[in-house]
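*Asks:* how would this look folded up:
(one chain, ligands or ions: 1)
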Amino acid sequence: MTETHCPYCSLQCGMRLVSRRAPGGPPRPPRGTPQVAAWEEFPVNEGALCRKGWNATGLVGHRERLTTPLLRDRTTGELRPASWDEALDLVADRLSTLRADRGADSVAVFGGGGLTNEKAYQLGKFARVALGTSQIDYNGRWCMSSAATAGTRAFGVDRGLPFPLADLEQTDVVVLVGSNLAETMPPAARHLDALRERGGTVVVVDPRRTPTADRADLLLQPVPGTDLALALGVLHLLVAGGHVDEEYVAARTTGFDGVRRSVAGWWPERVERATGVAVDELRALVRLLADAPKVMVMTARGAEQHSQGTDTVLAWINVALALGQCGRVHGGYGCLTGQGNGQGGREHGQKADQLPGYRMIDEPAAREHVAGVWGVPADTLPGRGRSAYELLEALGTDTGPQALLVFGSNIVVSAPNASRITERLEALDLLVVADIVLSETAALADVVLPVTQWAEETGTMTNLEGRVILRQQAVTPPTGVRSDLDVLQGLAERLCSPVPFDTDPEAVFAELGSASAGGKADYSGITYERIRAERGVFWPCPAPDHAGTPRMFLDSFATPDGRARFHVVEHRGAAEQPCADYPVHLTTGRVLAQYQSGAQTRRIRSLPDDGPYVELHPSLAGRIGVTEGATTRISTRRGTMTAPARVVATIRPDTVFVPFHWVGANRLTNDALDPSSRMPEFKVCAAAVAAGVSTGSTIGPAAAVGAP
Ligand code: SF4
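*Replies:* From the prediction side, this is the model:
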């Protein structure tokens with residue numbers, strides 16, 4: 001039996017993997033499929049798992065599992081099996097030639113928010129030291145970056161939840177802005193139920209009545225892209241009603257006077273016009289907040305994945321600060337991280353602008369410290385690179401990278417404006433993808449490297465609470481696959497890296513701890529042994545005898561003067577507004593049985609895969625002549641797709657929803673970027689919907705589709 005964690009979302013539920021026994025017979029061999037069992041003692045989920053977790057072993061021993069490197073045959077254009085030496089030699093040769101001919105930045109690296117801390121750390125080091133390139137970023141840029149930017153600006157450091165998730169049960173009012181946690185991380189929803197049982201109140205802000213909204217005492221359904229205006233309206237009424245905690249604001253914050261002035265013009269009727277939220281509903285929310293001793297405000301992708309996502313989060317942080325909640329037990333602001341290692345993945349150096357421990361790559365002291373741990377001169381480290389979308393957009397152009405190494409990401413499905421990005425991938429001289437199955441991105445690659453998956457390897461993850469946990473190897477990997485750490489070591493050696501790369505995850509974690517020491521995300525006091533003994537350790541944890549930090553900001557914030565910062569922000573609205581040709585809002589999101597690009601979950605037969613669908617309101621369906629299940633065509637300026645209709649009264653009549661786990665949704669989404677975080681606007685764009693002409697789901701280029 002092995003105690004480990006789910007391979008999917010940021011809750012990182014604890015689970016036990018046990019070998020199946022034939023009745024009366026010996027245990028199955030280590031490579032057999034283990035069974036998932038509850039681990040009741042792990043505090044985050046107390047034995048509860050969602051459907052994805054219970055079926056997580058469905059990919060162990062899966063028939064589509066890659067077990068040998070694949071090379072694209074230049075004659076036939078097909079992928080053919082190759083030995084590891086042949087594959088790694090080829091990759092290293094081509095990278096070396098490119099670097100010699102066009103410079104180090106002609107090679108790029110793309111990571112993922114699902115990689116372990118060890119892999120994320122090693123990937124950043126590999127890019128900067130073995131390749132010498134500044135061109136590294138990762139798909140977490142599309143998940144967490146707006147909340148991370150806002151958290152850093154307001155509090156001096158970004159930790160998604162600065163308190164344990166279970167604190168939710170002890171607050172009085174929780175406001176969930178753009179989160180559907182009942183569907184995306186169901187075990188977390190028990191805290192909402194417990195809160196309501198003890199008399200607390202749940203408020204949900206979402207254009208759709210989701211399963212989370214079904215648990216809410218108050219649901220506000222704003223127009224997509226207007227959460228910021230709603231927050232401005234909330235703060236306006238709090239100020240007008242004298243509900244600001246002036247003592248707290250004076251003692252623990254700066255910048256409120258400007259914010260107070262900036263919300264003066266956001267009277268309720270103006271907010272109603274901007275957001276579609278009725279004045280009475282807005283006032284009801286403000287009454288709840290004004291009367292509650294303890295309030296938690298939480299945002300998730302619905303509020304963050306916008307071209308003004310950072311400002312939207314800052315606007316809701318302003319609300320929490322004005323109420324005097326941040327840094328108080330059972331109150332404050334938190335972000336519900338999405339990907340499995342969405343938190344740790346953004347701390348240890350796979351972001352274009354960061355070094356391990358949340359150090360910034362352009363700070364001289366940070367460079368000196370990390371270069372010292374790595375054993376290289378600081379002046380050999382490159383500077384900032386391009387952010388994720390900008391990096392992909394530059395691939396194969398005259399000034400952009402000509403080769404890309406991808407680890408833990410399925411870009412073809414998950415990138416915004418995905419058709420354009422697919423073209424850029426096809427324009428590369430060399431695309432190398434390390435993955436466990438032939439994902440849509442791996443299928444385009446020149447070289448595919450088969451790597452180990454969660455149950456076959458050991459490594460740490462950092463969950464949405466900042467709790468560092470340990471995934472332990474439970475089964476032997478199939479013959480022929482290697483860990484990502486092995487791949488990086490093999491390439492680094494062939495590239496004549498100035499320093500060696502370790503392949504033992506525990507040794508890499510120890511090195512990561514040294515590199516993070518003294519940084520904002522300090523892991524230097526955390527060891528595998530401690531994680532096992534304590535069932536997770538919260539960072540910052542700067543020494544072996546430090547208890548870790550479950551609750552942050554209780555005494556001061558991580559700013560130079562210890563005070564939190566208010567920020568004046570203005571509502572601009574979505575980059576693309578409805579018009580005559582594209583008259584409705586398109587928003588995207590997740591479903592219970594699937595995870596991210598679906599590369600893993602779509603292959604698990606025990607998880608339902610109904611394919612994509614278009615969710616729309618009966619009044620809109622009636623106008624365009626679509627009935628339940630009928631083929632519906634949805635188009636944006638970037639592409640078109642068809643999928644069956646789901647006609648529901650739970651969505652705004654001016655909005656349609658498409659889940660993004662399949663190829664299609666992201667061919668429609670907008671690549672407008674937040675100016676600070678560089679987060680694309682996944683959550684809203686202008687679209688046209690019409691009755692389709694075929695059955696099933698199809699995708700295609702943009703079509704001129706008129707108003708319904
Ligand atoms: S809630 Fe998340 S971590 Fe927990 S079982 Fe489901 S997918 Fe896995």
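*Asks:* CA atoms for contacts and neighbours, from now on please.
*Replies:* OK.
*Asks:* give me the pLDDT for Arg63.
*Replies:* Listed pLDDT for Arg63 reads 82.
*Asks:* count the residues that sit near Asp101.
*Replies:* 10 (other C-alpha atoms under 10 Å).
*Asks:* CA atoms only for the helix or strand that it is a member of, dumped as CSV, please.
*Replies:* If you go by DSSP states H and E, Asp101 is part of helix 84-102. Taking C-alpha atoms only, helix 84-102 is exported to CSV below (Å, rounded to 0.1, in the frame of the first residue of the first chain):
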residue,chain,number,x,y,z
TRP,A,84,16.5,6.5,-26.4
ASP,A,85,20.1,7.1,-27.5
GLU,A,86,19.0,7.8,-31.1
ALA,A,87,16.2,10.1,-29.9
LEU,A,88,18.3,12.1,-27.4
ASP,A,89,21.3,12.3,-29.7
LEU,A,90,19.1,13.7,-32.5
VAL,A,91,17.5,16.2,-30.2
ALA,A,92,20.9,17.3,-28.8
ASP,A,93,22.5,17.6,-32.2
ARG,A,94,19.7,19.7,-33.6
LEU,A,95,19.6,21.9,-30.6
SER,A,96,23.3,22.4,-30.6
THR,A,97,23.3,23.3,-34.3
LEU,A,98,20.5,25.8,-33.8
ARG,A,99,22.2,27.4,-30.8
ALA,A,100,25.4,27.7,-32.8
ASP,A,101,23.7,29.2,-35.9
ARG,A,102,21.1,31.4,-34.3
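*Asks:* what comes up buried for that helix?
*Replies:* The neighbour-count check on helix 84-102 (16 or more other C-alpha atoms under 10 Å) flags 84, 87-89, 91-92, 94-96, 98-99 as buried.
*Asks:* in CSV: those residues, plus distance to the ligand and pLDDT.
*Replies:* What follows is those, written out as CSV (distance: C-alpha to the nearest ligand atom, whole Å; pLDDT from 0 to 100):
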residue, distance to the ligand, pLDDT
Trp84, 32, 98
Ala87, 33, 98
Leu88, 33, 98
Asp89, 37, 98
Val91, 34, 98
Ala92, 36, 98
Arg94, 38, 97
Leu95, 36, 98
Ser96, 40, 97
Leu98, 40, 97
Arg99, 40, 97
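*Asks:* strands of the stretch 451-600 of the chain, residue ranges please.
*Replies:* With strands called from DSSP state E, counting those that start in this stretch, the stretch 451-600 of the chain shows them at 459-462, 467-471, 537-538, 564-565, 584-589.
*Asks:* now render those strands as TSV, adding distance to the ligand and mean pLDDT.
*Replies:* Shown next, in TSV, are those (distance: least, C-alpha to the nearest ligand atom, whole Å; pLDDT from 0 to 100):
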stretch	distance to the ligand	mean pLDDT
strand 459-462	11	97
strand 467-471	12	97
strand 537-538	17	98
strand 564-565	31	98
strand 584-589	15	89
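*Asks:* residue in the stretch 551-700 of the chain nearest to the ligand?
*Replies:* Taking C-alpha to the nearest ligand atom, the ligand has its nearest neighbour within the stretch 551-700 of the chain at Tyr595, 7.4 Å off.
*Asks:* how about that residue, what does it touch?
*Replies:* By C-alpha atoms under 8 Å, 6 or more residues apart in numbering, the contact set of Tyr595 is 8-9, 601, 661.
*Asks:* do Gly156 as well
*Replies:* 557-560, 564.
*Asks:* which one of these sits in the busiest neighbourhood?
*Replies:* Going by other C-alpha under 10 Å, Ala564 tops the contacts of Gly156 with 29 neighbours.
*Asks:* relative to Leu232, how far out is it?
*Replies:* 18 Å (C-alpha to C-alpha, to the nearest Å).
*Asks:* which of the contacts of Tyr595 come close to the ligand?
*Replies:* For the ligand, the contacts drawn from the contacts of Tyr595 by C-alpha under 6 Å from any ligand atom are 8-9.
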